[in-house]
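**Student:** Build me a structure from this.
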Amino acid sequence: MTEPKTHTLDAPGAVLHYDVRSNDVGTEPVLLLIGSPMGADGFGTLAGHFTDRTVVTYDPRSSGRSKRTDGGLETTPDEHADDLHRLIAALDAGPVDIFASSGGAVNALALAAKHPEQIRTLVAHEPPAAQELPDREPALAAAQAIKRAYQRDGFGPAMAMFIALVSYEGPIPPGFADQAPNPAVFGLPAEDDGSRDDPLVGQNIITCTHYRHDFGALRAAPCRIVVGVGADSGRMMAGRAGTAVAERLGTPPVIFPGGHDGFLGGEYGGMGKPDEFAATLREVLAG
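**Tutor:** Presented below is the predicted three-dimensional model:
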């Protein structure tokens, strides 16, 4: 595998940046690693476990290097899916294998519903598809409260609310949206820096959690779709949503080592269980 080479791709309203780690002798399909709003920086460790094939990572629209050029204030899963469609076409390497995490899993499921012919296997790890939860109303209300807090108070207060939501174990109780955790508890700034372009609590928080998947199209898709849930995060919102999505697809979820970020190495100062996670992913992709 070569060192990553960066490319750009023009799309309506954005310029996408993606990185290709090439392996010209491998026989397996290209492996596309995607998150949202997390970009390519989060997949360095995981990519290093798949040196036997070409690996592509990218910064999704509104994140990292892939800035919006149209001034849009929200980015939808359908826009992300169209970007992925364009990216796979530009690679001229389909059908590809996809590992998609968090919001990236929501976006990749949207792609699978629209362009399943571009995918061999999709592993959708913990999509925060709150619409599928039995506690959808308080969960969606909490997402809306995060967006309001960001617009009103800035990043720190909104991110504190986000962390409280995604780390809560069990169904989200009524009234959860009314809570306002102290940002300092999470080491976050309380002061407002005036920016309102954060890709997580600004651009994607509502569109991602509120997205309604086309399960009819997904069940009929010729590609293979596997839903992953973290061993340590299965009772949290994204893990529970992943289980609910798997149930709608009629397949059992695959349990992956670690939590929602189980594939991370030293990225972002954390540590998941990347060796064990990659081994499980390799087994799943092998079918």
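**Student:** what helix or strand does the nearest residue to residue 56 once chain neighbours are set aside sit in?
**Tutor:** Nearest in space to residue 56, with sequence neighbours left out and distances taken as CB to CB, 6 or more residues apart in numbering, is residue 32 at 4.9 Å. All C-beta atoms are positioned from the backbone trio N, CA, C, and that covers glycine. Assigned by DSSP states H and E, residue 32 belongs to strand 31-34.
**Student:** what does the following helix or strand past that strand contact?
**Tutor:** The helix or strand immediately downstream of strand 31-34 is helix 44-47, counting by DSSP H and E. Contact partners of helix 44-47, identified using CB atoms under 8 Å, 6 or more residues apart in numbering, comprise 4, 21, 33, 55, 57, 99, 263-267, 274, 277-278, 281.
**Student:** Which phi and psi values does the nearest residue to residue 4 once chain neighbours are set aside adopt?
**Tutor:** Ranked by CB to CB, 6+ apart and with sequence neighbours excluded, the top spatial neighbour of residue 4 is residue 19, at 3.9 Å. Torsion angles at residue 19 (phi, psi; degrees, to the nearest 10) stand at phi -120, psi 130.
**Student:** Please enumerate the helices of this protein.
**Tutor:** Along the chain, counting by DSSP state H, helices occupy 44-47, 77-91, 103-114, 136-153, 155-166, 205-209, 215-220, 237-249, 274-286.
**Student:** Rounded mean pLDDT for the first one, please.
**Tutor:** What that stands for is helix 44-47. Mean pLDDT, helix 44-47: 96.
**Student:** export that helix as CSV, just CAs?
**Tutor:** Taking C-alpha atoms only, helix 44-47 is exported to CSV below (Å, rounded to 0.1, in the frame of the first residue of the first chain):
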residue,chain,number,x,y,z
GLY,A,44,-5.6,6.3,9.7
THR,A,45,-5.3,3.4,12.1
LEU,A,46,-8.0,1.3,10.6
ALA,A,47,-6.6,1.9,7.1
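**Student:** Return the distance of the closest residue in space to residue 124 that isn't next to it in sequence relative to residue 6.
**Tutor:** Excluding the flanking residues, the one nearest residue 124 by CB to CB, 6+ apart is residue 105, at 3.8 Å. Look at residue 105 and residue 6: by CB to CB, to the nearest Å, they are 24 Å apart.
**Student:** ok so, going back, so the residue nearest to residue 4 sits against residue 39, correct?
**Tutor:** No: using CB atoms under 8 Å as the test, residue 19 is too far from residue 39 to be in contact (9.7 Å).
**Student:** List the residues that are in contact with both of these two.
**Tutor:** 57-58.
**Student:** before we move on, back to that, quick one: contacts for the residue nearest to residue 124?
**Tutor:** Residues in contact with residue 105 (CB under 8 Å, 6+ apart) are 124-127, 227, 242.
**Student:** Between these, which sits nearest residue 199?
**Tutor:** Nearest to residue 199 among the contacts of residue 105, counting by CB to CB, is residue 127 at 16.9 Å.
**Student:** didn't that closest one look like it was pressed against residue 245?
**Tutor:** Yes: counting by CB under 8 Å, residue 127 does reach residue 245; the two are 5.8 Å apart.
**Student:** When the two are compared, which one has more neighbours?
**Tutor:** residue 127 (32 against 27; other CB atoms under 10 Å).
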